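K.L.:
Build me a model:
(one chain, ligands or ions: 2)
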Amino acid sequence: MSTTSDNYVRIFDTTLRDGEQSPGAAMNLTEKLRIAEMLETLGVDIIEAGFPIASNGDFEAVREIAKVARKPVICGLARAGAADIHRAAEALEHAERKRIHTFISTSPVHMKHKLQMEPEAVLEAVVGSVTLARSLVDDVEWSAEDATRTDPDFLCRCVEAAIKAGATTINIPDTVGYAVPSEYQAVFEMLINRVPNMDQAILSTHCHNDLGLAVANSLAGVLGGARQVECTINGLGERAGNAAMEEIVMALKTRSDAMPMETGIVTTEIARASKLVSSITSFPVQYNKAIVGKNAFAHESGIHQDGMLKNNQTYEIMTPESVGVKETSLVLGKLSGRHAFRAKLEELGYRLGDNAVNDAFRRFKDLADKKREVFDEDIMALVDDEVGRDNDAVKFVSLRIIAGSEGPQEATLKMEVDGEMRETTANGDGPVDATFKAIRALYPHEARLQLYQVHAVTGGTDAQAEVSVRLSEGGKIVLGQGADTDTLVASARAYIHALNRLLTKRARTAPPDMDLTSAEGV
Ligand code: KIV
Ligand code: ZN
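P.N.:
Ligands and ions are numbered 1, 2, ... in the order given. Now for the predicted structure:
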């Protein structure tokens, strides 16, 4: 189906913007670039790459993604102020195809308490912001924040004014996840019926999952006439998250009889995209999550297994292969060479530079020495643990532990901090405590450890441990992950990963406050 067909649904991915706003999901530039590359391979139509005025990091990420992702439209978010819009345009300078996405709240509760603006002033800001954005780029999206709690007449006036000012996409966010499907569908039908120039713009859904209805609402919006869906991989996002892309895409594909629409998503890349986002953000995917959960295609009950053996359509409405789920295969061993390793990385979907391949290969060799069987999951865990950490300020070097029932347990840790080698020995209440105390001694910080979790990457006593650590500092939450056959080394790596993320997050400042009624506004 052509992208201009009436039934083509554009996929607008906001994993790197709304998804990244979820507590603990902050990503560095290298990580964002890896996700952007994945999104391009996946075939998304629009990548919302960030909120350029929010921080220099966000600005740089949008700018760099715009340079490398040439097929999708690259989008930058901006509030309804001149500074935001100019910053977004600047970040998008090198994009082959660029979009500014500007928004303002339109619901009574947001206008009164958040913006402290009268509706007429908001309407003026809509016209001013869209006009300015349109003077800078040809593709402008306007969002009515908290649209589902907005007065319908006022929403129609704002949408009509935004289109008249040059908006090419109109987004109707269910910002607080309040809508139910029938109601959300009716908003789109109303806009199509009542807004005279509605045929000059594409309507878009943007649903949050506070009541668990984000996907259902997005699909209802499509049935109501939306032809763009805003979503994130794994449903990542603030609070309960955004609508999950994989669920929307597979629902449209599997139930094309009920919803005769199409997307441009290469569905066989879905599993890989899900794993990448999960490993980069350290947000686990729940086992029974639709489409990408570990159990999504597992059949354990006898009745189900019997039916599946006779015909897989008895209990399977789509195949695991259609979303890129493959059987776990035994892969490489001790004798495998660099060439085979590189080929395996490509098969698993990693496109790495020579240095990254060399680093990963070194760790693979170490692993193959310790572990009899090396599975795909092992390789993915070690690559995810290695790639993108070159520029980290704090690096793990080595760890020696004295543990056992006769304490005190002792950790001797070597770390590189800003290029300088540091070493210390610390005692603790158990080897993990001793290790974390050693990290604190070498890099003093106030962050509190909120979560420490270990799981085995594969079966067997020689399995790699994958450790997750969550730290919090002054309201900032970060997650880190580390993998190793030695659980304590994995723990140190995970803590250090979280610490590096905290440093990235500390460097971010809140966007400057914007006074829409002053000359700074538009
Ligand atoms: O949820 C929301 O309203 C948003 C807007 C910025 C589009 O994320
Ligand atoms: Zn949102």
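K.L.:
Smallest gap between the stretch 351-500 of the chain and ligand 1, at which residue?
P.N.:
For the stretch 351-500 of the chain, the residue closest to ligand 1 is residue 477, as judged by Cβ to the nearest ligand atom, at 19.3 Å. For every residue, glycine as well, the C-beta is placed using N, CA and C.
K.L.:
Can you name the residues bridging to that residue?
P.N.:
Note on residue 477: beta-bridge partners by DSSP bridges are residue 472.
K.L.:
Would you agree it is in contact with residue 449?
P.N.:
No - if you go by Cβ atoms under 8 Å, residue 477 and residue 449 don't touch, sitting 11.5 Å apart.
K.L.:
Need the residues touching each of these two.
P.N.:
Jointly contacting residue 477 and residue 449 under the rule Cβ atoms under 8 Å, 6 or more residues apart in numbering are 470, 471.
K.L.:
Between these two, tell me which one has more neighbours.
P.N.:
It is residue 477, of residue 477 and residue 449, that has more neighbours when counted by other Cβ atoms under 10 Å, with 20 against 15.
K.L.:
got a pLDDT number for that one?
P.N.:
On the pLDDT scale, residue 477 is placed at 87.
K.L.:
Would you mind listing what in the protein touches ligand 1?
P.N.:
When proximity is defined as Cβ under 6 Å from any ligand atom, the chain approaches ligand 1 at 18, 103, 143, 145, 171, 173, 175, 206, 208.
K.L.:
now, among these, which is nearest to residue 493?
P.N.:
Closest approach to residue 493 among those (Cβ to Cβ): residue 18, at 29.0 Å.
K.L.:
Make sure residue 137 is actually in contact with residue 100.
P.N.:
Yes - between residue 137 and residue 100 there is a contact at 5.3 Å, judged by Cβ under 8 Å.
K.L.:
what about dumping the CA coordinates of stretch 456-476 to PDB?
P.N.:
C-alpha atoms of stretch 456-476 as PDB (Å, rounded to 0.1, in the frame of the first residue of the first chain):
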ATOM      1  CA  ALA A 456      20.200 -15.600  34.700                       C
ATOM      2  CA  VAL A 457      20.500 -14.900  31.000                       C
ATOM      3  CA  THR A 458      20.200 -18.600  30.100                       C
ATOM      4  CA  GLY A 459      19.900 -21.900  32.000                       C
ATOM      5  CA  GLY A 460      22.800 -23.700  33.600                       C
ATOM      6  CA  THR A 461      25.100 -22.900  36.500                       C
ATOM      7  CA  ASP A 462      27.600 -21.300  34.100                       C
ATOM      8  CA  ALA A 463      24.900 -18.900  32.900                       C
ATOM      9  CA  GLN A 464      25.700 -15.200  32.700                       C
ATOM     10  CA  ALA A 465      24.100 -13.100  35.500                       C
ATOM     11  CA  GLU A 466      22.300 -10.000  34.300                       C
ATOM     12  CA  VAL A 467      22.000  -7.500  37.100                       C
ATOM     13  CA  SER A 468      19.800  -4.400  37.200                       C
ATOM     14  CA  VAL A 469      20.400  -1.500  39.600                       C
ATOM     15  CA  ARG A 470      18.200   1.500  40.100                       C
ATOM     16  CA  LEU A 471      19.600   4.600  41.800                       C
ATOM     17  CA  SER A 472      17.700   7.800  42.800                       C
ATOM     18  CA  GLU A 473      19.100  11.200  43.600                       C
ATOM     19  CA  GLY A 474      17.100  14.300  44.200                       C
ATOM     20  CA  GLY A 475      14.000  13.000  42.300                       C
ATOM     21  CA  LYS A 476      16.200  11.700  39.400                       C
END
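K.L.:
what domains does the record give for this structure?
P.N.:
10-289, 297-325, 328-385, 394-507 (automatic domain parsing).
K.L.:
show me where pLDDT drops low in the stretch 151-300 of the chain?
P.N.:
For the stretch 151-300 of the chain, applying pLDDT under 70 flags the ranges 299-300.
K.L.:
same deal with the chain?
P.N.:
In the chain (pLDDT under 70), the answer is 1, 299-306, 308, 327-331, 372, 508-522.
K.L.:
how about 50 then?
P.N.:
The chain contains residues with pLDDT under 50 at 515-521.
K.L.:
Show me the longest helix that occurs in it.
P.N.:
helix 487-506 (DSSP state H).
K.L.:
Neighbouring strands - and their directions - for the helix or strand where residue 78 lies?
P.N.:
Assessed by DSSP states H and E, residue 78 sits inside strand 73-79. Paired neighbours of strand 73-79 in the sheet (DSSP bridges): strand 46-50 (parallel), strand 98-105 (parallel).
K.L.:
continuing past that strand, what's the next helix or strand?
P.N.:
helix 82-91.
K.L.:
Okay, angle between that following helix and strand 46-50 too, please.
P.N.:
Going by axes from the mean of the first three to the mean of the last three Cα atoms, to 10 degrees, helix 82-91 is angled at 120 degrees with respect to strand 46-50.
K.L.:
neighbours around residue 96, how many?
P.N.:
The burial count for residue 96: 12, using other Cβ under 10 Å.
K.L.:
Ok, residue 254 next?
P.N.:
By other Cβ under 10 Å, the residues close to residue 254 number 15.
K.L.:
May I have the residues that are in contact with it?
P.N.:
The contact partners of residue 254, by Cβ under 8 Å, 6+ apart, come to 317, 318.
K.L.:
elements contacting whatever helix or strand residue 279 lives in?
P.N.:
Using DSSP H and E, residue 279 maps to helix 270-281. Here helix 270-281 touches helix 29-42, helix 245-254, helix 376-386, going by 3 or more Cβ pairs under 8 Å, 6 or more residues apart in numbering; DSSP states H and E.
K.L.:
ok, residues contacting the first one?
P.N.:
To tie it back to what came earlier, the one meant is helix 29-42. 13, 15-16, 20, 27, 47, 49-50, 57, 60-61, 64-65, 68-72, 233, 265-266, 269-270, 272-273, 276-277, 280, 349, 351, 387-388, 390-391.
K.L.:
out of these, which are buried?
P.N.:
Neighbour-count burial (16 or more other Cβ atoms under 10 Å) applied to the contacts of helix 29-42 gives 13, 15-16, 20, 27, 47, 49-50, 57, 61, 64-65, 69, 72, 233, 265, 269-270, 272-273, 276-277, 280, 349, 387-388.
K.L.:
circling back: just want the angle from the strand holding residue 78 to helix 29-42.
P.N.:
If you take the same axes, to 10 degrees, strand 73-79 sits at 130 degrees to helix 29-42.
K.L.:
Identify the residues contacting strand 73-79?
P.N.:
By Cβ under 8 Å, 6+ apart, strand 73-79 touches 12, 17, 45-53, 62, 65-66, 84-85, 87-89, 91-92, 95-104, 129, 133, 139, 141, 511, 514.
K.L.:
Could the C-alpha coordinates of it be exported in CSV?
P.N.:
Taking C-alpha atoms only, strand 73-79 is exported to CSV below (Å, rounded to 0.1, in the frame of the first residue of the first chain):
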residue,chain,number,x,y,z
VAL,A,73,10.8,12.3,9.0
ILE,A,74,12.7,13.6,12.0
CYS,A,75,10.6,15.6,14.5
GLY,A,76,11.5,17.9,17.3
LEU,A,77,9.1,18.9,20.0
ALA,A,78,8.5,22.6,21.0
ARG,A,79,6.2,24.4,23.4
